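Colleague: Would you be able to build a 3D model of this:
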Amino acid sequence: MVEGGMKCVKYLLFVFNLIFVIAGIGLIAAGAYVKVKLEEYHDFFGSDFMGPGILLIIVGVIIFLLAFFGCCGAIKENYCLTLTFAVFLGIVFILEIAGGIAGYVLRNEIENTVDSKLNATLSRFNSSEGIKRTWDRLQHEFKCCGVTNSTNWRENYVETPQSCCIKEPCNTNVTSDIYTEGCATKFEDWLQDQVAIIGGVGIGFAFVQIIGILFACCLARAIRKEYEVV
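Modeller: Numbers count the residues shown, from 1 in each chain. Modelled structure (predicted):
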């Protein structure tokens, strides 16, 4: 009876580890996407918002390795491997909860950081190729112009860029030809959405891991009892 129950838990743990492998790959891919996307705006923000993406990649790699470790422990029915897997899974669980909370806290800081960084680069549009390229990408991708509106360019003695144009041909002095909404709000909303998704996925997956931890503990206990019987 005990042996049958142990095999059932072992196979369930093995299935959950396969899910962890897939989830780990998914987290790595999501983290890489966010990191690559934000690197496009490195000239504006440097590494200010790189943390969430990097954290996802690190957690994904750890979960992928732990899942492999857990599979070995389950297949070999090794008490030490299985218990160690449960302990490390618990540590990752705590890190994911902390990362999720940190992500939501970061959302509150985004608005001030984005506004100040964008305003600081307006006047350098013509003097820095990197900033010019990043502004053009931002305005084209988010269909916006300036920080709060298109007049920000003239206020900084810079001619309104062609990337503000809605379509070609375009006269940047004609309001109907250019985007009038500012980039700050649009980029902040996008960034907050990414952070919210990362935080939500991290916290959600962390709670799924509780099931894996319980299965690992149950299997370790069953293995120990079998050793004691022998």
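Colleague: Grab the nearest non-local neighbour of N149.
Modeller: With sequence-adjacent residues excluded and distances taken as C-beta to C-beta, 6 or more residues apart in numbering, N149 is closest to G182, at 5.0 Å. Any C-beta I mention is one placed from the backbone N, CA and C, and that applies to glycine too.
Colleague: Backbone dihedrals for that neighbour, both of them.
Modeller: Phi and psi for G182, reported as degrees, to the nearest 10, are phi -70, psi 160.
Colleague: and it, how many neighbours?
Modeller: Under the neighbour criterion other C-beta atoms under 10 Å, G182 is assigned a count of 21.
Colleague: doesn't T151 make contact with it?
Modeller: No. Between G182 and T151 there is no contact, the gap being 9.6 Å when judged by C-beta atoms under 8 Å.
Colleague: number of nearby residues for C164?
Modeller: C164 has 23 nearby residues by other C-beta under 10 Å.
Colleague: Return the distance of the nearest residue to it once chain neighbours are set aside relative to E111.
Modeller: Take C164 and drop its neighbours on the chain: the residue closest to it by C-beta to C-beta, 6+ apart is C145, 3.7 Å away. Distance from C145 to E111, counting by C-beta to C-beta, to the nearest Å: 19 Å.
Colleague: who's more crowded, these two?
Modeller: Between C145 and E111, counted using other C-beta under 10 Å, C145 has the larger neighbour count: 27 against 15.
Colleague: does the more buried one count as helix, strand or coil?
Modeller: Going by DSSP: H, G, I helix; E, B strand; the rest coil, the secondary structure assigned to C145 is coil.
Colleague: Quick check on it: phi, psi?
Modeller: Dihedral angles (degrees, to the nearest 10) for C145: phi -150, psi 120.
Colleague: Enumerate every residue touching it.
Modeller: If you count contacts by C-beta atoms under 8 Å, 6 or more residues apart in numbering, C145 has them with Q139, W153, T160, P161, C164, I178, Y179, T180, E181, G182, C183.
Colleague: now G26
Modeller: Counted by C-beta under 8 Å, 6+ apart, G26 has contacts G60.
Colleague: In the helix or strand it falls within, which residues are buried?
Modeller: Assessed by DSSP states H and E, G26 sits inside helix 2-39. Neighbour-count burial for helix 2-39, with 16 or more other C-beta atoms under 10 Å as criterion, is recorded at 6, 9-10, 12-14, 16-17, 20-21, 23-24, 27-28, 30-31, 34-35, 38.
Colleague: cool, stretch 118-134 as well?
Modeller: L118, T121, L122, F125, I131, K132, T134.
Colleague: With just CA atoms, put it into CSV.
Modeller: This file holds the C-alpha atoms of stretch 118-134, laid out as CSV (Å, rounded to 0.1, in the frame of the first residue of the first chain):
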residue,chain,number,x,y,z
LEU,A,118,12.7,61.9,-21.4
ASN,A,119,12.8,65.6,-20.6
ALA,A,120,16.5,65.4,-20.1
THR,A,121,17.1,64.1,-23.6
LEU,A,122,14.9,66.4,-25.6
SER,A,123,17.6,69.1,-26.0
ARG,A,124,20.2,66.5,-27.0
PHE,A,125,18.2,65.2,-29.9
ASN,A,126,20.5,66.8,-32.6
SER,A,127,23.8,66.3,-30.7
SER,A,128,23.5,62.5,-29.9
GLU,A,129,22.9,59.9,-32.6
GLY,A,130,21.9,57.3,-30.0
ILE,A,131,19.3,59.6,-28.4
LYS,A,132,18.0,60.7,-31.8
ARG,A,133,17.6,57.0,-32.9
THR,A,134,15.9,56.1,-29.6
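Colleague: For it, which outside residues touch it?
Modeller: 40-44, 135, 146-147, 152-153, 156-158, 161, 183-184, 187.
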